[in-house]
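Novice: After the sequence you'll find the predicted model.
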Amino acid sequence: MDTLRQKFCALHESRSKTRLLPIYGPSGSGKSSLARAGLVPELGERPVSGRERARVAILKPTAHPLESLAQILAKIVTRDGVAPVKKMREFADELILQNRDGQYDGLRRIAAALPESTDLPLIILVDQFEEVYTLCSRPEEQNIFISNLLHAANDPAQQVSVIITMRSDFLAETQHYSQLNELFSTQGYLVPAMNAKNMRLAISEPAKQAGYKLTEAAVSLLVEQAIGRDGVLPLLQFTLSQVWIGLQEGKDPDVTLRDLGGVGGALSKEAQRIYDGLSEIPRGQAIAKRVFVGLVDEKGTQNTRHRVALYKLRSHKDDPKAFRQVIERFSDRGVRLITLSGEIGSSEMVEVTHEALFNHWNLLSQWLEHKRNDRPFERRLESAATHWNQMHRPEGLLWRSPDLDLLADFVRRSNDDMTPEQMEFFQASNQAEIHEQQQKRQRERQKIIFLSVLSALFGVIAILLFWFYLQQSQAQKTIEAVFLGSDTENILKALPDLEKSASKLRDEVETPQTSDNPDKYYRQKKVEINKLFAYYRNILTETGRLGQENQQYKNQLQPIADRTEKALAELISKYRISQLKSDLKQNNFGKYFKEKSVTNFQNQYSGALRTTYEILFTTSGQEQT
């Protein structure tokens, strides 16, 4: 102990070193006992640098190390061991703030603001530092927590010193933070394994001072079974407590050890004894199985303690009273196979007291092997359900297929072991999936209805188009009737419809833009415009012919003839006379091409002669000559 205290004092008094002492060693090597029961009380009684007293704050990181640090600091401020929520939140907010240089200096500022901070330095012991890596799942929070500790430990004011205990198998994790890793290398204290001589003293002296003497055979057996084993101290501690109970009852230590099965069997036999006695409690053994499996964190091939909120281990089918009875059986002070901490309720935490139990209790090993394939999914489900609950249960965080399908299979296998929170998460996810499927079916029905209506609408449109087609066919037949020289009665009936068709075609052909450049527009729409000329030509031809045959017909058809003549004149003036004027102005009277056939009269000429021919014969016809 003197060596460890001197090492800490040397760090504290040095102006060039960080006041952080890492204590590390294998699981069960006595790190926590060395710090909690040895170094910290020593520093509290004999502070460094000549100061009379020191404040000592002891914490475990848990899943939320910043919250744990804020809570212990709030307790110091109130001085009554109770951390007010408001002050705790205030400190938690301070711890995540960065200074101008981007450093997390919240711990330094809080320590400097504590009453009598100059005379009462703050010593912080972070026990089981490996929880930063095993329980805290947010790398950002890990970084902020470590940064606060290091910044405060580097402060020249020397108001904060830090001691951490950590299992040596987590040294690799410190490589993610180079400064911390370097401190383990240069300033760390490796707890040495206890040699046979010291172990013999540790076994025999406490009993001797209490007035009991262990036989040499018993001491030798304990030393033989304990020396060189991983995690031996918790095992030895528990075994000796059982021997001590036997001594008080007048039982020979050798007999007690034989009944326990030695160091390796003491813990597992006690766990099995309690488990066997749970049959009187409703679902007692099922509760015990779920609790112990839930308290194991599987890291590859190695099992470690998993500290968790107690309520997360209770199934939705458990009777609360029965659940509490099982927990109390294993956490009884005379047994202490599991350790409770925090206030009873949602903040009560639980963990396995001795990790050696994982390797020595055969029944637990069987449970873990049986649940090995489900454990990753259980952890994922636990995280998802907790996050959903913390975020006030939004529908967007619920699971859908295929995750929901996996969850449904898990529920069929492990319904009895699911927590109320997990079951509510499953039921809400399942209900959301059903609702979405109903909405999907409703959308499909609406789609079918829409397509049916659309199909009916298309049918109506098809009928209208067919009717329009018949009208067009009738109009075409009307034109054909005029063109083919049907009898007078049919022509008289057809001429009004023919005039309407001509007017409709003119409305389609002529737009407001046609007057901008009539010649260009005529070249673009020559087919349509010439068709319009054909309508008017035939109307004038037939009205003129019928008027000559019968005066009554002439009077009847004269309005049609007048309107048609006016429309034809407007079209000729607009689209053809302008071209003729242009040809004449340019003295382009035209040429005669002898090689052209007599029947190809239009192409026998060019220039003004060709345009004149088109006006007389193509557009207006011979009747206009």
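Specialist: That came in fine, so what should we check first?

Novice: what's downstream of the strand ranked longest in the chain, the next helix or strand?
Specialist: Taking DSSP state E as the criterion, the chain has its longest strand at strand 160-167. Downstream of strand 160-167, the next assigned helix or strand under DSSP states H and E is helix 178-187.

Novice: so how far is that next one from its chain's centroid?
Specialist: 36 Å (Cα atoms, centre = their mean, to the nearest Å).

Novice: residues making contact with the helix or strand following that helix?
Specialist: Sequence order places strand 189-190 as the next helix or strand after helix 178-187, per DSSP H and E. With contacts defined as Cβ atoms under 8 Å, 6 or more residues apart in numbering, strand 189-190 is touched by Leu4, Lys7, Leu21, Pro22, Ile23, Tyr24, Gly25, Ser168. C-beta: built from backbone N, CA, C; applies to glycine.

Novice: Quick check: can you name the pairing partners of strand 189-190 and their directions?
Specialist: Using DSSP bridges, strand 189-190 pairs in its sheet with strand 20-25 (parallel).

Novice: Per the annotation, how does the chain divide into domains?
Specialist: As given by automatic domain parsing, the domain ranges for the chain are 2-190, 196-260, 485-624.

Novice: which residues touch Arg55?
Specialist: When contacts are counted by Cβ under 8 Å, 6+ apart, Arg55 touches Ile76, Leu114, Leu120, Pro121, Leu122, Ile123.

Novice: Just read off the phi/psi values of it.
Specialist: Per-residue torsions, Arg55: phi -80, psi 140 (degrees, to the nearest 10).

Novice: So for it, what pLDDT did the model give?
Specialist: Predicted confidence (pLDDT) for Arg55: 84.

Novice: Please shift the residue numbers so they start at 8 in all later answers.
Specialist: All set: I'll call the first residue 8, so the last point we hit is now Arg62.

Novice: Tell me the bridge partners for it.
Specialist: Leu129.

Novice: thought Asn437 was touching Ala415?
Specialist: Yes. With contact defined as Cβ atoms under 8 Å, Asn437 reaches Ala415; the gap is 7.3 Å.

Novice: weakest of the domains of the chain in terms of mean pLDDT?
Specialist: Mean pLDDT across the domains of the chain is lowest at domain 492-631; the value there is a mean of 74.

Novice: sorry, back to before: now for the longest strand of the chain, which elements pack on it?
Specialist: helix 9-20, strand 27-32, helix 38-40, helix 113-120, strand 129-133, helix 146-161 (3 or more Cβ pairs under 8 Å, 6 or more residues apart in numbering; DSSP states H and E).

Novice: Which of these sits closest to Met206?
Specialist: Proximity to Met206 (Cβ to Cβ) singles out helix 38-40 among the helices and strands packed on strand 167-174, at 14.3 Å.

Novice: Quick one: the helices in the stretch 208-357 of the chain, in order.
Specialist: Using DSSP state H, counting those that start in this stretch, the helices of the stretch 208-357 of the chain run over residues 223-233, 239-255, 260-267, 269-283, 291-301, 327-338.

Novice: how many other residues sit next to Val139?
Specialist: Per other Cβ atoms under 10 Å, the neighbour tally for Val139 reads 25.

Novice: Isn't it up against Phe152?
Specialist: Yes. Val139 is in contact with Phe152 according to Cβ under 8 Å; the separation is 6.5 Å.

Novice: Overlap in contacts, those two.
Specialist: Pro68, Pro72.

Novice: related to what we said a few turns ago, dump the helices of the stretch 208-357 of the chain to a markdown table, plus mean neighbour count.
Specialist: Compiled in a markdown table, the helices of the stretch 208-357 of the chain are given as follows (neighbours: other Cβ atoms under 10 Å):
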| stretch | mean neighbour count |
| --- | --- |
| helix 223-233 | 17 |
| helix 239-255 | 20 |
| helix 260-267 | 17 |
| helix 269-283 | 19 |
| helix 291-301 | 21 |
| helix 327-338 | 17 |
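
Novice: Adding distance to Pro213, write those out as CSV.
Specialist: What follows is these, written out as CSV (distance: least, Cβ to Cβ, whole Å):
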stretch, distance to Pro213
helix 223-233, 12
helix 239-255, 8
helix 260-267, 13
helix 269-283, 16
helix 291-301, 30
helix 327-338, 24
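
Novice: What pLDDT is listed against the residue nearest to the spatial centre of the chain?
Specialist: The chain has Leu404 as the residue nearest its centroid, 7.6 Å off, counting by Cα atoms, centre = their mean. What the model reports as pLDDT for Leu404 is 92.

Novice: closest one to Ile456 among the domains of the chain?
Specialist: Closest among the domains of the chain, using Cβ to Cβ: domain 492-631, at 37.7 Å.

Novice: Pull the distance from the closest one to the chain's centre.
Specialist: Using Cα atoms, centre = their mean, the offset of domain 492-631 from its chain centre is 76 Å.

Novice: Can you name the residues that contact Glu355?
Specialist: Ala316, Leu317, Tyr318, Leu347, Ser348, Gly349.

Novice: longest single helix anywhere in this structure?
Specialist: helix 427-490 (DSSP state H).

Novice: Against which helices or strands is it packed?
Specialist: helix 382-397, helix 410-421, helix 495-516, helix 533-556.

Novice: which parts of the first one are buried?
Specialist: Neighbour counts over helix 382-397 (16 or more other Cβ atoms under 10 Å) mark Glu385, Leu388, Glu389, Ala391, Ala392, Thr393, Trp395 as buried.

Novice: try the third one
Specialist: Taking 16+ other Cβ under 10 Å as the neighbour-count basis, helix 495-516 is seen to contain the buried residues Ile498, Leu499, Ala501, Leu502, Asp504, Leu505, Glu506, Ser508, Ala509, Leu512, Arg513.

Novice: Ok, the longest one next?
Specialist: Of the residues in helix 533-556, those buried under the neighbour-count criterion (16+ other Cβ under 10 Å) are 536, 539-550, 553-554.

Novice: measure stretch 133-151 end to end?
Specialist: For stretch 133-151, the first-to-last residue distance is 15 Å (Cα to Cα, to the nearest Å).
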